[in-house]
Each structure stands twice: as C-alpha cells, then as structure tokens.
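Enquirer: heads up, no residue letters with this:
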DNA sequence: GGGCGCATTGCATCCGAATGCAATGCGCCT
DNA sequence: AGGCGCATTGCATTCGGATGCAATGCGCCC
C-alpha cells in the first residue's frame, strides 16, 4: 500500500533504475545483467531478473545506443521493393538472425536520395546495404561518416566499395549460347530496362557482345522499365518497326520477358518458342510457373544475401576490414521458351 | 592551423556542441535551429547553419529520441514479405512521406513472435503495424506499453484494437455470385490456406456460407499454404479423391489459384474456364497477366495502407484516440477464368 | 589467523540533444 | 529618459543505460 509499490502506476515504462531500486541493488548491476559476459554473480542475476519480470522491464535500446555508439540497426535501401521482394526478405531474415534490425528505405524511381541519406545519417545506423544506384559522390560520404556500405548488385569500378553482384555479362553469355545451341538465330531483339539502370546496361551489353562474337549482326533494341506491361509494349513496338519478327528476344529481366511471352502468344499470334524464343534474367518465382517456364538466369539470391550480410557485419565489427567485391555466377535455367532443335 | 580548426581530424562525427563552439553560440541555440517553430532569430539561424554546413553536422536521432521519447520509428511486422510486397511497399512509402521510419520485421511461419516483440519493445518504436497474426495476449501488451497498434487484414472481435481489413466474406460472396451468375455449378471445391490462418478461415467460411444459401451442397475442401505449388498439389489431391472434377474451384488466394489453373491446364488436361472455373483472392499483379486473367477480388491496397498509416499516426499524436476498425470492400475482377453462359 | 588475489558490486561520469526557466537585449511608447 | 514587453539566448538539467575505476567481499593458501 505504500507509495513504494505503486511504481507501476507511474506513467512511464520501468527503467533500470526502477529495477535497481526494486531489487535493492545498483543500476550498474542491472545493466550488467543484460550484458553477455559481464561479471555478475548467480545470486545477483536471479535477484535482478526476478524484479525484471515483476516490473516487465526491457532495456531501452535507444539509450544504450547513445552510449555505446551502436544502434544495431542497418539501413537497407531498395529501389522497387515490390519487384524484388526476395532480396529484401533474405536480407532481413539473415540480419534478424544476427540480432540486427532493418531500417527500410524503399525508393521511388531511384529518387530523392539526398533526403534518404539525411535520414540515414541521423539514425546512426551501423551500416547500409544498398540495392539501388548511388552516385560516386554519395558513396564517398560513407567513408567520411565511417559507415560501412555494401552494394547489392551494383558494382562500381575504380571505387573502393564493397559489393555483392551477380555476373550479369556472364549470365547473358550463357543465355545467348543457349539460344544458338538450340537453334539458329540471325535476327535478335534485346529489350533493356530503364536507360539509367546500370544493371540493365551490363546485361544488354553482355548479350550484345556475345552476339557479335558469334557473328549475329541483326540486333534490334528496345527499352522498357522492368515491368510486365513495358515488356508487352516493347515487343509491340518492335513488331511495328519491322515486318519479320526476330527469332529471339532477350529481356533484361523476367517480368518483361513474361510480358513479351504473353503478348506474343495472346495478341500477336506467335508461338513461343515455336516462332520466337524468349529469355529473361533473375530467376523470379513466377517465371518458373507452368504457363511460362521461362529460360533465364537464376541469381543465387540466398548466397548473395548471405554474402552481403556477412560482409557488412564483418566491416562493422572490424573497422579496418577493407572493402571487397564478390561476384556470383548465375545459374542457367533452360526453360521451355527457347526453341529446341 | 591551430588545433582549433582541426576538429574534423577528430574521430567522431560533429555534435551540436561542436557546431555551437564553431559558431560561437550555445548548444541550445543549435538545437533550436533544428526544431520547427522554435524561437530563433534570422541572424542566429544563418550563423548556425553556416557552421552546420561547414562541419557536416546532422542531428543525432538517437539522442533526440532519448529525450523526446519519440523515435519516429514504426515497426512493421509482416508474415511472408515475399508474398505480399505491395502491402509493405505501400506502407513504407506512406510512412516515409510523413518522415516516419520503418523498422522491418519479416516473420517466418508466423513464428517466434515473442522474440520479435522483445526487440520491438527495446527499440521504443512509436507504433506498430502488424500484418501477421497476433495472440490476444500479445495485443494486450500494447495497451500496457501504451504503444499504438494497427492490425492489417487481421481483425479481432471483442478486442479493442485498431484494424484495417478487406471484407473477406463479402468478397467471397461476390465471387460465388459471379460463378453462379455465369453458369450452374453443383460441385464446388474450396482450397483454403494454412489451418491457422484466420484470413483463410474467413474467406472459406464466407464462400461456404454463400454456397449453402444458394443450395449448393456438394462442396469438397482442401488446404494449401498460399503458395503456387500448394495450389497445384491441392487440385491434384482433389482429383484423385473423386472421378468427376468439380466445376468450380474457389481458392483462398491468387497464387494458389494460379497454381490450380496451371495444373489443370498443363497436367490434368482440363480447360479453364471450359471445364473448370477458378477464382482467387487478393488482386495480385501477376493474376492479371494475360496467361491467367484470373477472376478475383482485388483488395484496395492503397486505401488500406493509407488508412492504416493515418490511423496509426493519429493515435501516436493523440494519446486519447480510441481504437477503430475499418473494413474496405474488395473490388470484383471478373477475369476470364470463370465459365460464361 | 593472516594475507593474497580474484570476483562482484557500486559510484560517478558520459553519450548528444531538448527544454523550462532565467537573463539579456532590443524596440517602442509615454 | 525611463519603463514595459516581447523576442532571443544561454544555463542547467534531463532522458536511460554503459563502463572505468575504486571499494568491498569472499575463498583459499600457508
């Protein structure tokens, strides 16, 4: 009945001081009970924990972060979360497994990055994983701020930044090789992504290079924006430009490829792969559905996410750790959108 | 050259004290320059801002959060981020637009929620949006902690908790009505989601009720796990159990429905919608692709996300604001997986 | 029993920004 | 000139937990 037991009536959540008072020990003791490896006797720990339970105390991560200069938060920047949920999902789960929290930044048209960074710096994140295009000048900011950064699927030559990527050019080589092994193609279309997408550029250039090596000259190009509909529109535009359809269409990602397949089959009255072969890139789940069974390069998302996370944490824990670039090979999925024989 | 200008050589990022010293003013003045509406003269603001630029100062949100008891962070809990990226994307962008940050928690099988909550409480988030199943006892925690909570698409009767949902039962009614308007069905299959999914339960019950009302007795049920493959497997199991296929299949979500459509078409040699009509739920992008053009209920994700965000922020800003439940009607998309005539 | 050493515990301080209150200054009016 | 009032500014304190250092205590050995 004393005012003593009524702490719960207080409006505020219990703090380590409340627990300390309740248990009759010092605040430091309480703090130490939550630090793994700290010097605390068994008796003390039990005593404190009993009070902790009773009051429902949870350490305040904000206060802790202030003094330790560690927020245990990592910013994850993605452009178009809705298109590549697997990446975010993998990253987030792997980080969570290591008790690191994800502060999410989903970009719109790769836009107003400045504002995003402003927020990121304010929140004292321990590190950043970016699956979006950053300007070199923005990357330099990270050095100044001493914040580890890992780029996901965006690599920069000549800049010392950690990155994890899928080898886009090599993947396209495999796809082109698949196409020519299975049949002859003398007229090929390439549907790229948005003009400012480096990944798209790498993919289309990779394909183009291999086609040239193989002596295939008749290559026509179109651009989309990675969406299903843009794939449909691109193939329409292509077929308006020339009377004879190309025998193969190489798309910068799976979604556009699926748009192309559907448009060809349902509106342009062409058979895939009978009349036209189509290949994509990414290894999206839906690309493997029976309606498509798309030939594509599957990115090893799990390995890449694991690599990104472990590289980042490595650098967070170990200030001197130098940047490193890791490149993974994609896996060819032959699918049935490529004409055989 | 004095030691004075060398503050940048210090290992640490500049603080408001550094700015204050550099500008020859007090720390409070600096602080006030970052608080909208604070009393600061134009001269002072310019003077401070010059130093801010020069030193590259950014306020430390962690420290600010400690004193203001506002982290400006909201936890978003989703089960299966990879399946419903649109929801997360919408929520995240709308929150970002209001300068609120998203701390992401992606659940695995709706599992170890206790650990997730432990983390959430520690991080002093201002509120939580949960698109996952919570136990009533966990919901009560929110009251104790005085943390506003908005449930997304999970409603609880008899519990005073804010929620935004799509009317599942009404949606199923519309789908059943669509089926019977377009043709007669005396044998219907329902493929539900995982047994512990409340949403799935509401949807299947809704469909069942309407079927009963219409006098359709022959209803067979199967369960999947919301995935494409589980839809395929479910329809296979169904057709093994009985010789005559049902004339309609009602699926608890679009992905399973697409699995069903594909399995029927490509492996079971049945025509959709000629032999079997199929309907789903959600309004997934891919369900509208030409290969499927699935009949479904489209959830108004944008409205729902907006509602969730504004309800949450309302309650954050206004402690007394009572919980509220909002239910949106889904929009019927007739699609072409339902037999006409 | 005395002494040594390690394990525990508490004290005091710090992290960086926000804010109530008091002090200062400026403009304006009489 | 003197005085009043509002706008600015600075001072001191606060948020909640972590940690270096000193103090205490306990066990063990000779």
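Expert: Good, I have the coordinates. What you see is a predicted model; the values in this text were computed from it and never measured. Residues are numbered from 1 along each chain as shown, chains lettered A, B, ... in the order given.

Enquirer: show me where chain A has its strands.
Expert: Ranges of strands within chain A are A:73-79, A:101-107, A:127-131, A:149-152, A:162-166, A:187-192, A:218-223, A:248-251, A:277-279, A:296-298, A:325-328, A:331-333, based on DSSP state E.

Enquirer: most neighbours per residue, which of these?
Expert: strand A:248-251 (a mean of 32; mean count of other CB atoms under 10 Å in any protein chain shown). Glycine gets a C-beta too; all of them are placed from N, C-alpha and C.

Enquirer: if you look at that one, does any of it touch chain B?
Expert: No. Figure legend: strand A:248-251 not in contact with chain B (CB under 8 Å from any CB of the partner chain); closest approach 14.6 Å.

Enquirer: in terms of secondary structure, what does that strand contact?
Expert: With contacts defined as 3 or more CB pairs under 8 Å, 6 or more residues apart in numbering or on different chains; DSSP states H and E, strand A:248-251 has these neighbours: helix A:168-182, strand A:187-192, helix A:228-241, helix A:254-262, strand A:277-279.

Enquirer: who touches it?
Expert: A:172, A:175-176, A:179, A:185, A:187-191, A:204, A:207, A:224, A:231, A:235, A:238, A:257, A:260, A:276-281, A:338 (CB atoms under 8 Å, 6 or more residues apart in numbering or on different chains).

Enquirer: same check on stretch A:80-93?
Expert: Outside stretch A:80-93, the residues within contact range by CB under 8 Å, 6+ apart are A:76, A:78, A:102, A:104, A:106-107, A:129, A:131, A:152, A:226-227, A:255, A:285, A:301-302, A:304-306, A:308-309, B:81-83, B:85-86, B:88-89, B:92, B:104-106, B:108.

Enquirer: let's see that with 7 Å instead.
Expert: The contact list for stretch A:80-93 (CB atoms under 7 Å, 6 or more residues apart in numbering or on different chains) reads A:76, A:78, A:102, A:106, A:129, A:131, A:152, A:226, A:255, A:301-302, A:305, A:308-309, B:81-82, B:85-86, B:88-89, B:92, B:104, B:106, B:108.

Enquirer: for the closest residue to residue A:70 other than its chain neighbours, grab the count of nearby residues.
Expert: Spatial nearest neighbour of residue A:70, chain neighbours left out: residue A:126 (6.0 Å); criterion: CB to CB, 6 or more residues apart in numbering or on different chains. Using other CB atoms under 10 Å in any protein chain shown, residue A:126 has 21 other residues around it.

Enquirer: likewise residue A:66?
Expert: 19.

Enquirer: got it, and residue A:54?
Expert: Neighbour count of residue A:54, defined by other CB under 10 Å: 13.

Enquirer: any idea how far the residue nearest to it when sequence neighbours are not counted lies from chain B?
Expert: Nearest residue to residue A:54 in three dimensions, chain neighbours excluded: residue A:22, at 7.0 Å (CB to CB, 6+ apart). Distance, residue A:22 to chain B, by CB to the nearest CB, to the nearest Å: 17 Å.

Enquirer: next: residue A:255.
Expert: Residue A:255 sits 9 Å away from chain B, going by CB to the nearest CB.

Enquirer: quick one, what contacts the residue nearest to that residue when sequence neighbours are not counted?
Expert: Nearest non-adjacent residue to residue A:255, counting by CB to CB, 6+ apart: residue A:228, 4.9 Å away. The contact partners of residue A:228, by CB under 7 Å, 6+ apart, come to A:255-256, A:258-259, B:289.

Enquirer: compare those and tell me which is most surrounded.
Expert: When neighbours are counted by other CB under 10 Å, residue A:256 leads the contacts of residue A:228 with 32 neighbours.

Enquirer: can you put the helices and strands packed on strand A:248-251 in TSV and add mean pLDDT?
Expert: Listed next are these as TSV, based on pLDDT from 0 to 100:
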stretch	mean pLDDT
helix A:168-182	93
strand A:187-192	94
helix A:228-241	94
helix A:254-262	97
strand A:277-279	96
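
Enquirer: so which of those is nearest DNA strand D?
Expert: Of all these, helix A:168-182 sits nearest to DNA strand D, with 42.7 Å by CB to the nearest atom of the strand.

Enquirer: tally of neighbours for the closest residue to residue A:340 other than its chain neighbours?
Expert: Of all residues not flanking residue A:340 in the chain, residue A:182 sits nearest, at 5.0 Å (CB to CB, 6+ apart). The local packing of residue A:182 (other CB under 10 Å) involves 17 other residues.

Enquirer: now residue A:208
Expert: Residue A:208: 20 surrounding residues under other CB under 10 Å.

Enquirer: mind listing what it touches?
Expert: By CB under 7 Å, 6+ apart, the contact set of residue A:208 is A:190, A:219.

Enquirer: how far away is it from residue A:90?
Expert: With the distance defined as CB to CB, to the nearest Å, residue A:208 ends up 31 Å from residue A:90.

Enquirer: burial check on residue A:53, number of neighbours?
Expert: Neighbours of residue A:53 under the rule other CB under 10 Å: 10.
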